[in-house]
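[1] Could you look at this predicted model? Sequence included:
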Amino acid sequence: MAEEFGLCPDCWRDTGFIRGLACDKCGTPLPGEADGRAEFCDDCLTIARPWDRGRAVLVYRDTGRRLVLALKHGDRQDLARPLAGWLAASAAPILLPGMLVTPIPLHWRRFLKRRFNQSALLSGALARLAGLDHCPDLLQRTRATPSQEGRGRHERFENMAEAIRVNPARGARLAGRSVLIVDDVMTSGATFAAAADALQAAGAGSVSILALARVAKDG
């Protein structure tokens with residue numbers, strides 16, 4: 001990557017922006033041309049998704065993966081602001097007036113170890129850019145879930161079951177409002193599902209999701 005977040009031609013080519021036709025629930029790229037109708041991937045046709053709409057900016061590989069890891073583990077918090085511009089462009093079709101933006105939360109132990117929540121950096125920068133309210137602590141992790149890495153889909157959903165709740169001190173901000181949940185990476189959707197379930201149970205009007213990067217199947 002060049003200075004001021006500029007991408008060299010090779011990096012730009014390998015970034016894997018999701019453009020054109022994408023699943024309206026999770027944002028994964030789909031074959032074919034967009035014609036204005038909502039289309040859905042095989043996973044979203046077979047798995048109950050407790051949210052309304054979703055988008056993702058990048059496919060999680062090559063430069064897209066390196067950007068995520070730089071933000072998350074490379075202490076490149078400065079990336080959040082320019083990445084928010086990409087998030088805002090991808091999310092434009094699903095943003096609603098008065099929407100409340102919130103990140104997927106970290107458990108407090110992981111937060112102390114990492115010192116920041118990368119998803120909160122992204123959601124805060126996006127909210128400022130889009131002129132929407134941001135509530136970084138709307139959601140809470142009720143337990144320290146083991147890493148999802150290496151787990152199958154069923155194990156991922158079991159791992160996240162009832163692991164996220166709405167912060168009791170923030171419930172008044174939620175009633176009847178549309179909410180956008182932001183995270184850095186979506187794989188199976190288990191974490192988004194746990195967060196969306198909690199929001200729906202607490203009285204959210206509608207819930208949408210936005211990921212910086214989407215793990216997409218090849219082919």
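    Okay, I see it.
[2] Only C-alpha atoms from now on, for both contacts and neighbour counts.
    Noted.
[3] quick one: contacts of stretch 180-188?
    60, 68, 95, 99-104, 118-120, 122-123, 153, 156, 192, 195-196, 207-216 (Cα atoms under 8 Å, 6 or more residues apart in numbering).
[4] now this structure, which segments are flagged as low pLDDT?
    1-14, 111, 144-157, 159-161, 218-219 (pLDDT under 70).
[5] ok, 50 please
    1-4, 219 (pLDDT under 50).
[6] which residues in it form strands?
    All strands of the chain, identified by DSSP state E, fall at 53-59, 100-103, 133-134, 139-141, 164-166, 178-186, 206-214.
[7] Give me the neighbour count for residue 79.
    18 (other Cα atoms under 10 Å).
[8] One more: residue 115?
    11.
[9] And for residue 137?
    16.
[10] With the one 3 residues further on instead?
    Burial of residue 140, expressed as a neighbour count using other Cα under 10 Å, amounts to 21.
[11] and the gap between it and residue 179?
    For residue 140, the distance to residue 179 equals 15 Å [Cα to Cα, to the nearest Å].
[12] Enumerate every residue touching the nearest residue to residue 164 once chain neighbours are set aside.
    Sequence neighbours aside, residue 141 is the residue nearest to residue 164 in space, at 4.6 Å (criterion: Cα to Cα, 6 or more residues apart in numbering). Applying Cα under 8 Å, 6+ apart to residue 141 gives the contacts 105-108, 163-165.
[13] same deal with residue 49?
    25, 193.
[14] Mind doing that once more with 7 Å?
    With contact set as Cα atoms under 7 Å, 6 or more residues apart in numbering, residue 49 has these partners: residue 193.
[15] Now it. Its backbone dihedrals?
    phi -100, psi 120 (degrees, to the nearest 10).
[16] What spatial separation is found between it and residue 115?
    On the measure of Cα to Cα, residue 49 and residue 115 end up 31 Å apart.
[17] same check, this time on residue 31
    Residue 31 is 40 Å from residue 115, by Cα to Cα.
[18] Which parts of this structure are helices?
    Listed in chain order, the helices found in the chain under DSSP state H are 9-13, 42-46, 62-73, 80-91, 108-114, 118-130, 153-160, 190-201.
[19] Let me have the ones you listed in CSV, adding mean neighbour count and distance to residue 21 as columns.
    Formatted as CSV, the helices of the chain follow (neighbours: other Cα atoms under 10 Å; distance: least, Cα to Cα, whole Å):
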stretch, mean neighbour count, distance to residue 21
helix 9-13, 12, 19
helix 42-46, 12, 14
helix 62-73, 18, 19
helix 80-91, 20, 12
helix 108-114, 12, 36
helix 118-130, 23, 23
helix 153-160, 16, 24
helix 190-201, 22, 22
